[in-house]
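Q: Predicted structure and sequence below. I'll ask about it afterward.
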Amino acid sequence: MRNSSQAPVFVLEAFLDVGLLKYLVFAVIMSVYVVTLCCNVLLILVICVNRALHQPMYLFLVSLFVNELYGSSGLFPLLLVHILSESHAVPAPLCFLQVFVLYTYTNVEFYSLAVMSYDRYLAICRPLQYRRLMSGGRVALLLAGSWLGPAAAIVVMLSLTASLRLCGNAIDTLYCNNYSVVKLACGGTAVNNAYGLAYTFVVLAGLALLVLYSYARILQVCLSGSRRTRRKAAGTCGPHLASLLNFSFGCFFEIAQSRADMGAMPAVVRAVMSVYFVTCQPLFNPLLYGLNLAKVRLLCRDLLLRRL
């Protein structure tokens, strides 16, 4: 094959032949997907229906939960089909669509968590100016930037990948991955690599610095404040920090295994960890915030009791 337009399909080679156990694997993953959908939809409804929760922090949470639904739907349906299928071929347009969804999901997640850390910094460190600094227009601008910025960046990345001449169509992953497609190129990937490095260091490093700055200032206030201030900061920042660390761990492992030789690690472990960032995070966030934020927890309980 000479280029991507002549590659009608990509073959995902990371699927293991587990015999009849595939039905058990299918049932487990389907259960995770259903629970993920239900938890995220429930919390979105609770926040949208209750006007008392129409505050910046909860609006950012809605954006985060919508992103969890978006990322999960980009992985699970196709993954479930391939678990039961004997063929693991993916049409090229569908493969690039999955790359777009999963990469925008990853970037929106980082953008959202960075914005939420900035919001907590303003609420804790500059409470008297919070309403002015986090106005409705500012919230709308931050939400739009969290989605449109990553989408535009990934469109550019995919346009560079689609123009490459490919010398194969086998991808050693459970889902379509841009780096795996780029590795199939016969050559001429310098622009792709330069764009990826530039985006990582300029944008993602900038978001990391924003998070570090926000938490450094929050920690400074906590150390010099009262016990009540420290308790309030821990209650609002604890779930966010746990979510950020969990997601960063999943992304770091996926980047490490795609670029380093992890042949010594069992194939099952590599397969599970490769989808950790888009499997556990959408399930982890709604449970974490739903259980830790008292307002959300009580409203969820009231909503479920009314339905019952």
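A: Cool, got the structure.

Q: For the stretch 51-200 of the chain, which segments count as strands?
A: Under the criterion DSSP state E, counting those that start in this stretch, the stretch 51-200 of the chain contains strands at 89-91, 170-171.

Q: Do you have the helices of the stretch 51-200 of the chain handy? List them.
A: 56-84, 92-125, 130-133, 136-162, 178-183, 190-199 (DSSP state H, counting those that start in this stretch).

Q: Switch those over to TSV; also include mean pLDDT, mean neighbour count and distance to A242.
A: (Glycine included, C-beta is placed from N, CA and C.) Below are the helices of the stretch 51-200 of the chain laid out as TSV (pLDDT from 0 to 100; neighbours: other C-beta atoms under 10 Å; distance: least, C-beta to C-beta, whole Å):
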stretch	mean pLDDT	mean neighbour count	distance to A242
helix 56-84	93	20	13
helix 92-125	91	21	11
helix 130-133	89	13	23
helix 136-162	93	15	20
helix 178-183	88	20	28
helix 190-199	87	13	26
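
Q: Turn those helices into CSV, columns for distance to V34.
A: Below are these laid out as CSV (distance: least, C-beta to C-beta, whole Å):
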stretch, distance to V34
helix 56-84, 9
helix 92-125, 19
helix 130-133, 38
helix 136-162, 25
helix 178-183, 28
helix 190-199, 34
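
Q: who wins for proximity to I218 among those helices?
A: When the helices of the stretch 51-200 of the chain are compared by C-beta to C-beta, helix 92-125 sits nearest I218, at 5.3 Å.

Q: That closest one packs against which elements?
A: strand 9-12, helix 56-84, helix 130-133, helix 136-162, helix 178-183, helix 205-224, helix 227-259, helix 276-292 (3 or more C-beta pairs under 8 Å, 6 or more residues apart in numbering; DSSP states H and E).

Q: Swap in 7 Å and give it another go.
A: strand 9-12, helix 56-84, helix 130-133, helix 136-162, helix 205-224, helix 227-259, helix 276-292 (3 or more C-beta pairs under 7 Å, 6 or more residues apart in numbering; DSSP states H and E).

Q: ok, L141 to M134 distance?
A: L141 sits 11 Å away from M134, going by C-beta to C-beta, to the nearest Å.

Q: now Q281
A: According to C-beta to C-beta, Q281 and M134 sit 25 Å apart.

Q: now V46
A: Taken as C-beta to C-beta, the span from V46 to M134 is 21 Å.

Q: OK, contacts around the residue sitting nearest the centre point of the chain?
A: For the chain, the residue nearest the mean C-alpha position is T106 (3.8 Å; C-alpha atoms, centre = their mean). When contacts are counted by C-beta atoms under 7 Å, 6 or more residues apart in numbering, T106 touches 251, 277.

Q: how near is it to A205?
A: According to C-beta to C-beta, T106 and A205 sit 15 Å apart.

Q: Name the residue most distant from the centre of the protein?
A: S226 (35.1 Å).

Q: Could you export the strands of the stretch 51-200 of the chain as CSV, including mean neighbour count?
A: Below are those laid out as CSV (neighbours: other C-beta atoms under 10 Å):
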stretch, mean neighbour count
strand 89-91, 16
strand 170-171, 16
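
Q: Out of these, which is closest to L287?
A: Closest to L287 of these, according to C-beta to C-beta: strand 89-91, at 31.0 Å.

Q: Now do that closest one: which elements does it pack against?
A: The elements that strand 89-91 packs onto, with contact taken as 3+ C-beta pairs under 7 Å, 6+ apart, are strand 9-12.

Q: C-terminal to the strand it packs on, what's the next element?
A: For strand 9-12, the succeeding helix or strand toward the C-terminus, using DSSP states H and E, is helix 21-49.
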